[in-house]
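K.L.:
only geometry, no sequence info:
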């Protein structure tokens, strides 16, 4: 995100859907050309190393400059099957753009925006960038059609596998389709990536919940390999009084409700309290602003220094007018006589000694209780795991984080591989879309190696 | 503040910046606007029998997103009646008596034609004449422009004819479309030229349209070569000026033309022997106001060098320009990379590795940070790394002690000497 390029800053109370249009505009052709020509075309470029999917960034940028947009989009999508989404959601300041050598001389290249420019070309021109490989007689089941699942499916299809994705929701794409705020990532971009995968002959069985509509055993029996890419589940309860009140939301479901019009108008002019300070909490807060809430507060029991949201997300939330209340622990939700949220009772905290994560542990300040008025409360304190499903597959896990061989992404069952958020946690992996995409690719290559042969096949 | 006035072969001008004979000097209106903007002189767009121009005339070479690295035209000389031009020259000169107005001329290679036009334009009050022996297209087919400029005898003869009638200084404008420009420059001097100017445009085709497969530009689907100018031609022009400036047989003032767009370009031409400079493409790209910084920048530069006038700068680099055989074969520079300034783009490494002498190493220090280092013993001092380096000051070419000077010519002479 480039704060200085953001448009669509004012919030319309009459047409909420306007507020969810992409906030940072596409580069104009001229901007893209100027920026592409500014790229130094480094040798052994640090931006490539910084990209979890190792996109050959100087190459795709050079192709933009030369007018070869199809070639540029292919370089991106080759390395990252969800490269159009990543162009919009990657924390580029921490990855490619953060590594750009021009940070030391002028301004880093807007790599994310150039990636968006090239993939936009592919989207608008309905470019078919890849072909399915010659059938190798093997089949693979992918459980979960999010970034990791799509990525694994795309590569397996190119390697000649018969691929089926089992997707619980109505549409595939996972987080990219449902979980990222529309003003950062419109759903159509994710859907294009889904279509790209489908066009390779991958079957996507939507509205299909493994464990309800098909059993894990059936899948294990019917396919030669399985990729578990189910991501994470809903937000757990905070465990405070009154959580069942009307007007208490799960941040993930809340963001999802804003992905498809019509927009819910009932928050217009209301007071919203978000509990948590990660990226999802920020999304919930900024969505609230854009749904017309008059007052949005984020409560976090630690301080600014410990919050897990990216710096640019925090900056963005502040610019959107979100108020941050640090060292504030919610202890209860106050309801009115009809059972609707009226406020959040809190207690002040102070930082004590460091805990095992290295962060200073917040300790309550005695007698410091107070109440924050609220018409809605959004829980954003992390996500639950699909522990039941993981266990149904008989996989070794720790608190719902599937254990894998970090080189091959193979789980405790040699036939099952895992990628994406399902292996994130407990010091393993990273929670970014781009990491999930890379893991999906790697799981696919491991499966190929295990079932077809040691040499890497040529894909097209 | 330095004195920017010049006396070029007897032509007085408030500064060395003239508009070249070209579209910007097509009319009195334009030339007067230019003088108001600060241009010291203008060479009026070539006068002669009016011609018919084609529609679609210009094209440009754009480079890496920058417009107009080079410029191409198929326009010819003036398309307006001579009388109209003469009247406007008279009016312009009357309004700007202290600015230089030079008439560019092109007529058939006949003595009486030259006499006739010289008399007419001098009667209108011009300060000098420039004979256009360079226009590479359109006029050449009629035996004029480059067609005569490529034949030293014709250059000499026509210069002589113009000189027979002229009372004002005669500048001969030379074409670069020739193997050795000093040959035609020498012919001009033999013909009595008071000065020479160079370069006219270089034969060119700007491009091909990849969708229509037409040439760029095209006229109803057909193309023809044009003349190339603009920033990209500067090194070619600078060499030609320098070759003439250092020739002991060409002892006339030189007006430098070709890719000049800033005071820096102008200063380089002046250092290489130019007594005035002429500009066209940069004005066509940005308008007449660019002269303001050309004047201001040159003045500040002269002040910074402690020079009181343009004259003191003129030709200062000419003695340093010679033949390859006079270069010291023992002189040695090597590249040195300044780690504090280097941004680690590795462009120097790959340029050296793939296309030069494989002497820049990519290394990792004990703290894990990456750096680049030149293996000096293998560096030939080619400059490539410092050319591709995007950061000023990251790579210096350092002189290192070497043996006593020995040029190729000296070496050959020494080899030939009998052993005593």
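P.N.:
Great, that's in hand. Note that the structure is predicted; figures quoted are calculated from it, not measured.

K.L.:
Can you give me every residue that contacts the residue in the stretch 1-150 of chain B that chain A sits nearest to?
P.N.:
Nearest residue of the stretch 1-150 of chain B to chain A: residue B:65, at 3.8 Å (C-beta to the nearest C-beta). The way it works is simple: take the backbone N, C-alpha and C, and place the C-beta from them, glycine included. When contacts are counted by C-beta atoms under 8 Å, 6 or more residues apart in numbering or on different chains, residue B:65 is found next to A:33, A:34, A:36, A:37, A:65.

K.L.:
Near chain B, list only the ones from those.
P.N.:
A:33, A:34, A:36, A:37, A:65 (C-beta under 8 Å from any C-beta of the partner chain).

K.L.:
can you name the two of the residues you listed that are farthest apart?
P.N.:
Among the ones next to chain B among the contacts of residue B:65, the pair separated by the greatest distance (C-beta to C-beta) is A:34 and A:65, at 9.6 Å.

K.L.:
Of the two, give the one with the bigger neighbour count.
P.N.:
Between residue A:34 and residue A:65, counting by other C-beta atoms under 10 Å in any protein chain shown, residue A:65 is the more crowded of the two (20 against 15).

K.L.:
Would you mark the buried spots in the longest helix along chain A?
P.N.:
What stands out as the longest helix in chain A, according to DSSP state H, is helix A:433-451. Of the residues in helix A:433-451, A:433-448, A:450-451 count as buried by neighbour count, 16 or more other C-beta atoms under 10 Å in any protein chain shown.

K.L.:
next one: stretch A:198-209
P.N.:
A:198, A:199, A:200, A:202, A:204, A:205, A:208.

K.L.:
go on, stretch A:12-29?
P.N.:
Within stretch A:12-29, the residues that count as buried by 16+ other C-beta under 10 Å are A:16, A:19, A:20, A:22, A:23, A:24, A:27.

K.L.:
gap between the two ends of that stretch?
P.N.:
End-to-end span of stretch A:12-29 (C-alpha to C-alpha, to the nearest Å): 29 Å.

K.L.:
Next up, the contacts around residue A:206.
P.N.:
Residues near residue A:206 by C-beta under 8 Å, 6+ apart: A:145, A:167, A:169, A:170, A:171, A:172.

K.L.:
Residue B:1: neighbouring residues, count only.
P.N.:
By other C-beta under 10 Å, 8 other residues sit near residue B:1.

K.L.:
Is it in contact with residue B:299, as I believe?
P.N.:
Yes: Residue B:1 is within contact range of residue B:299, at 5.9 Å (criterion: C-beta atoms under 8 Å).

K.L.:
in a helix, that's where residue B:197 is, yeah?
P.N.:
No: Residue B:197 is assigned strand when assessed by DSSP: H, G, I helix; E, B strand; the rest coil, not a helix.

K.L.:
Give me the mean pLDDT for stretch A:80-93.
P.N.:
Per-residue pLDDT values over stretch A:80-93 give a mean of 97.

K.L.:
gap between the two ends of that stretch?
P.N.:
Where stretch A:80-93 begins and where it ends lie 18 Å apart, using C-alpha to C-alpha.

K.L.:
Which pair in the buried residues of stretch A:12-29 has the greatest spatial separation?
P.N.:
Taking C-beta to C-beta as the measure, those span a maximum distance of 26.9 Å, between A:16 and A:27.

K.L.:
re earlier: of the buried residues of helix A:433-451, which are in range of chain B?
P.N.:
For chain B, no contacts are drawn from the buried residues of helix A:433-451 by C-beta under 8 Å from any C-beta.

K.L.:
show me the residues around the closest residue to residue A:208 other than its chain neighbours that make contact.
P.N.:
The shortest distance from residue A:208 to any non-neighbouring residue, by C-beta to C-beta, 6 or more residues apart in numbering or on different chains, is to residue A:166 (5.0 Å). Contacts of residue A:166 were listed using C-beta under 8 Å, 6+ apart, and they are A:141, A:142, A:143, A:144, A:145, A:205, A:208, A:209, A:210, A:214, A:219.

K.L.:
Over to residue B:344?
P.N.:
Applying C-beta under 8 Å, 6+ apart, the residues near residue B:344 are A:42, A:46, A:101, B:370, B:371, B:372.

K.L.:
Helices of chain B, start to end?
P.N.:
Counting by DSSP H, chain B has helices at residues B:28-37, B:82-95, B:111-123, B:146-149, B:152-165, B:181-190, B:234-246, B:263-271, B:281-286, B:290-304, B:310-313, B:347-355, B:384-388, B:408-416.

K.L.:
what does the third one contact?
P.N.:
Think helix B:111-123. B:47-48, B:82, B:86, B:89, B:103, B:105, B:107, B:129, B:158, B:161-162, B:164-168.

K.L.:
tell me the angle that helix makes with helix B:152-165.
P.N.:
Calculated by axes from the mean of the first three to the mean of the last three C-alpha atoms, to 10 degrees, helix B:111-123 forms an angle of 50 degrees with helix B:152-165.

K.L.:
Check the ones next to chain B among the contacts of residue B:65 against chain B and report the nearest one.
P.N.:
residue A:37 (3.8 Å).

K.L.:
Keep only those of the contacts of residue B:344 that are in strands.
P.N.:
Among these, DSSP state E puts B:370, B:371, B:372 in strands.

K.L.:
so residue B:61 makes contact with residue B:205?
P.N.:
No: assessed by C-beta under 8 Å, residue B:61 is found out of contact with residue B:205, at 10.5 Å.

K.L.:
Show me whatever sits in contact with both of those two.
P.N.:
Jointly contacting residue B:61 and residue B:205 under the rule C-beta under 8 Å, 6+ apart are residue B:72.

K.L.:
If you count surrounding residues, which of those two has more?
P.N.:
Neighbours were counted for residue B:61 and for residue B:205 using other C-beta under 10 Å; residue B:61 has more, 19 against 15.

K.L.:
separation between the more buried one and residue B:223?
P.N.:
Going from residue B:61 to residue B:223 by C-beta to C-beta, to the nearest Å gives 15 Å.

K.L.:
In chain B, what helix or strand scores lowest on average pLDDT?
P.N.:
Across the helices and strands of chain B, mean pLDDT, DSSP states H and E gives its lowest value to helix B:146-149, namely a mean of 84.

K.L.:
And the contacts of that helix?
P.N.:
Helix B:146-149 has contacts (C-beta under 8 Å, 6+ apart) with B:109, B:133-137, B:139-141, B:154-155, B:158, B:173-175, B:177-178, B:184, B:200.

K.L.:
if we go to 10 Å?
P.N.:
Helix B:146-149 is touched from outside by B:106, B:108-109, B:131-141, B:154-155, B:157-158, B:172-178, B:181, B:184, B:187-188, B:200-201, B:203, B:227, with contacts defined as C-beta atoms under 10 Å, 6 or more residues apart in numbering or on different chains.

K.L.:
In ChimeraX, how would I select just the buried ones from these?
P.N.:
Buried subset of the contacts of helix B:146-149, written as a ChimeraX selection, criterion 16+ other C-beta under 10 Å:
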select /B:106,109,131,132,133,134,135,136,137,138,139,140,154,155,157,158,172,173,174,175,176,177,178,181,184,187,188,200,201,203,227
